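Student: Mind looking at a prediction? Sequence and model below.
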Amino acid sequence: MLLLASLAAAAESADYHAAQARIFFKKGWYDDAEAEVEQGLALAPDNVDLCGLCVELAGREADIDRVLACAARGAASSHGSTDARAALSQVESFVRQNYGWIELRGPEGQHRARVTVEPPRILLDAELKRTATLAAARAAQGLDLPARIGVPTGDWMVAGRPVRVEAGQIASVRLPAEAFAASAGRGPRFELAMGGVGYTGEALGNLHPGAAMELGASVPAGPLRLGAAFSWEARSYSVQNGPDQGSPYTFGGALRLGADLDLGGALVLSPALATYAVMMPGLELACDGAPLACRIASPSEGEEPVYATGAAVAPAIDVGLHYRTGRWLLGVRGTAAWVLGLAPSPGKVVTRDGDEEFTVPEPDFGGARVVVAGVVGVGV
């Protein structure tokens, strides 16, 4: 029983955890070694062997704060070998003389960011170069904000801005809002636009304003942005001697080529040239004769009204104003387009006498299309 008690006591000692951690470290089992060091330091925070192992493990990850804390605690210990304490004291002095910190903060509401951090061009010491590389890689993978990273002294570039890091000092950097716009504003993105649509023109006078929906995607194309979208409209049209009618066949699409112009901060102006293709149910025709010969106009007395589904292309100018933050883009977009349409000819219409064919000798028509919509985009 005494032997078992002695073994159990030894297993709960700091020296036991230090011995186990050393074995795991040599085998490359760093997570297990870390667990042993943490358990040992909880029992004896100033154990020199454990502090030395803590420095080695933290140094592997370029965790400068932990390296400094463990080295200082071990160097100040009254236990352990003089040589081990002297070595930790040298580590502490080296860190204090050659490292500082960069503190990163983002705009309000931004809690994580991938940040481009570029080390000084000249770092002669191999260990300084290694820790600088690891710090830059960690920042590129993403940091929880606010964040503080220990880095070698020198002239750094953080999010494209110069930052001077002094020994033992903290260089505070507030990241601009545009630093978070890369994924939403400059990379590929999906967009959903919802708003109102209206038509005007002599041939389109019976089409009522309605709702418009567009789902699209866009990608960078050099300094420009190329996009494509699918659209649908919910609107109605007037008919003679009857209630307004609607049709689900208002599908369309768009091709867009534009640019994102930074206005400062996270605001972006996005002008573009676009071409829309739209189906246009409710096109009013005035017809007479048998078979029906029609013209695109409101019927006069003696003419029979026919409502056909036309098709049109609409060259347009889009102008958007967006706010970018994180992966998200929010804004509004206005579209002004000239409609170049074509009525079906020949076509069929259902009358009281059954299906009747009609023709439109002059099937071309024109008009204008205006859309104002809110836009939500997400970068990928």
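Tutor: Nice, I can see it. Note that the structure is a prediction, hence the values are computed from the model and not measured.
Student: where exactly do the strands run in the stretch 151-300 of the chain?
Tutor: Taking DSSP state E, counting those that start in this stretch to define them, one finds strands in the stretch 151-300 of the chain at 154-158, 161-165, 170-174, 189-200, 210-221, 224-234, 236-237, 245-246, 252-258, 261-264, 267-288, 292-296.
Student: for the stretch 1-150 of the chain, that is, sorry about that
Tutor: With DSSP E, counting those that start in this stretch as the criterion, the stretch 1-150 of the chain has strands at 99-105, 112-113, 117-118, 143-144, 147-152.
Student: count of neighbours near residue 154?
Tutor: As a burial measure, residue 154 scores 18 neighbours (other Cβ atoms under 10 Å). Quick note: C-beta positions are derived from backbone N, CA and C, even for glycine.
Student: what bridges to it?
Tutor: Following DSSP bridges, residue 154 is listed with bridge partners residue 165.
Student: Quick check: pLDDT value at it.
Tutor: On pLDDT, residue 154 comes in at 88.
Student: okay, now the closest residue to residue 229 other than its chain neighbours: neighbour count?
Tutor: Nearest residue to residue 229, sequence neighbours excluded (Cβ to Cβ, 6 or more residues apart in numbering): residue 216, at 2.8 Å. Residues near residue 216, counting by other Cβ under 10 Å, number 20.
Student: Repeat that for residue 116.
Tutor: Residue 116 has 13 nearby residues by other Cβ under 10 Å.
Student: show me the contacts for it.
Tutor: The contact partners of residue 116, taken as Cβ atoms under 8 Å, 6 or more residues apart in numbering, are 139-140, 157-160.
Student: if you set the cut-off to 6 Å instead, what comes out?
Tutor: By Cβ atoms under 6 Å, 6 or more residues apart in numbering, the residues touching residue 116 are residue 159.
Student: Pull out the buried residues from stretch 26-34.
Tutor: 33-34 (16 or more other Cβ atoms under 10 Å).
Student: Show me the contact partners of it.
Tutor: For stretch 26-34, contacts defined as Cβ under 6 Å, 6+ apart pick out 21, 24-25, 57.
Student: swap the cut-off to 10 Å and go again
Tutor: Applying Cβ atoms under 10 Å, 6 or more residues apart in numbering, the contact partners of stretch 26-34 are 17, 20-25, 35-36, 53-54, 56-58, 60-61.
Student: If you go by neighbour count, which of these are buried?
Tutor: Among the contacts of stretch 26-34, those classed as buried by 16+ other Cβ under 10 Å are 17, 20-22, 24-25, 36, 53-54, 56-58.
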